[in-house]
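Enquirer: here are the coordinates; sequence isn't available:
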């Protein structure tokens, strides 16, 4: 199969001892491209994913401030984001959004930082990678207000109604390991109704490993299991899902020659 892991945190310390081997296993499993998410530990370092992407032709990057780190952002942060968004290997602004579960940053600050990054994405013509947890209405409301139409609902775990809301805004739904969990039937129903040209797969590694690896450290090679489960849910061959999600990634993130050196 020819796959793309559209969301991985390869900078995580859990990969420090065997990062090269992890990447090799992914390639051996058919993962032709990976998009490394550039939030890291937050400002001032915004280049964690770029440093990785510049080492491999098949690795791409995002830049952004995660809602957990919103309180660390200052005026210089947004200026730097604008500069980094122009780098050849940077495909998107993300992951950005709102997280009302942990509230590591005050909600008002999260919304301010989210809004500024949406403005930057619009200025740069980049899609956005959205993180939303227990903040669905506010997240969707802000996306509607700024009329952001290109982006990815990262690690989508919503139901059919939420899927339709995101799809109506023009977003792609990216499915991760949660799709394989026994109790995730509402999510699987959302995966059934999503148009074939709006689905993606990801790992969000090192988190949320799919069955049969649940409870272990996740890694890009495991996106194969999510693709297989998505194929079962949609009643098609795994190869078809792999081909479709790869094409979709190219459409949303590699449009207009983005990512080319």
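Expert: Done, it's in. If you're wondering where the values come from, they're calculated on a predicted model, not measured in any experiment. Numbers count the residues shown, from 1 in each chain.
Enquirer: Which helix in this protein has the most residues?
Expert: Secondary structure of the chain per DSSP state H: the longest helix is helix 107-124.
Enquirer: Mind checking the pLDDT average for stretch 139-146?
Expert: On average, the pLDDT along stretch 139-146 is 94.
Enquirer: Correction: the previous question concerned stretch 96-110.
Expert: The predicted model assigns stretch 96-110 a mean pLDDT of 97.
Enquirer: Show me the contact partners of stretch 150-164.
Expert: 6-7, 92, 94-95, 121, 126-132, 136, 143, 166, 170-176, 178, 184, 186-187, 189-190, 193-194, 200, 202, 204, 208, 252 (Cβ atoms under 8 Å, 6 or more residues apart in numbering). Where you see a C-beta, it was placed from the backbone N, CA and C, and this is true even at glycine.
Enquirer: where exactly do the helices run in the stretch 1-150 of the chain?
Expert: Counting by DSSP state H, counting those that start in this stretch, one finds helices in the stretch 1-150 of the chain at the ranges 19-28, 48-53, 75-84, 107-124, 136-146.
Enquirer: Quick one: list the elements packing against the longest one.
Expert: Counting contacts by 3 or more Cβ pairs under 8 Å, 6 or more residues apart in numbering; DSSP states H and E, helix 107-124 packs against helix 75-84, strand 90-99, strand 128-133, helix 136-146.
Enquirer: which parts of that helix are buried?
Expert: Neighbour-count burial for helix 107-124, counted by 16 or more other Cβ atoms under 10 Å, picks out 110, 111, 113, 114, 116, 117, 118, 120, 121, 122, 124.
Enquirer: distance between it and the chain's centre?
Expert: On the basis of Cα atoms, centre = their mean, to the nearest Å, helix 107-124 sits 17 Å off its chain's mean C-alpha point.
Enquirer: Now do that helix and strand 128-133, the angle between them.
Expert: With axes from the mean of the first three to the mean of the last three Cα atoms, to 10 degrees defining the directions, helix 107-124 sits at 160 degrees from strand 128-133.
Enquirer: can you pull the pLDDT of residue 149?
Expert: 74.
Enquirer: and it, how many neighbours does it have?
Expert: Residue crowding around residue 149 was assessed by other Cβ atoms under 10 Å; the count is 12.
Enquirer: close enough to count as contact, it and residue 167?
Expert: No: at 11.5 Å, residue 149 and residue 167 do not qualify as touching, with contact defined as Cβ atoms under 8 Å.
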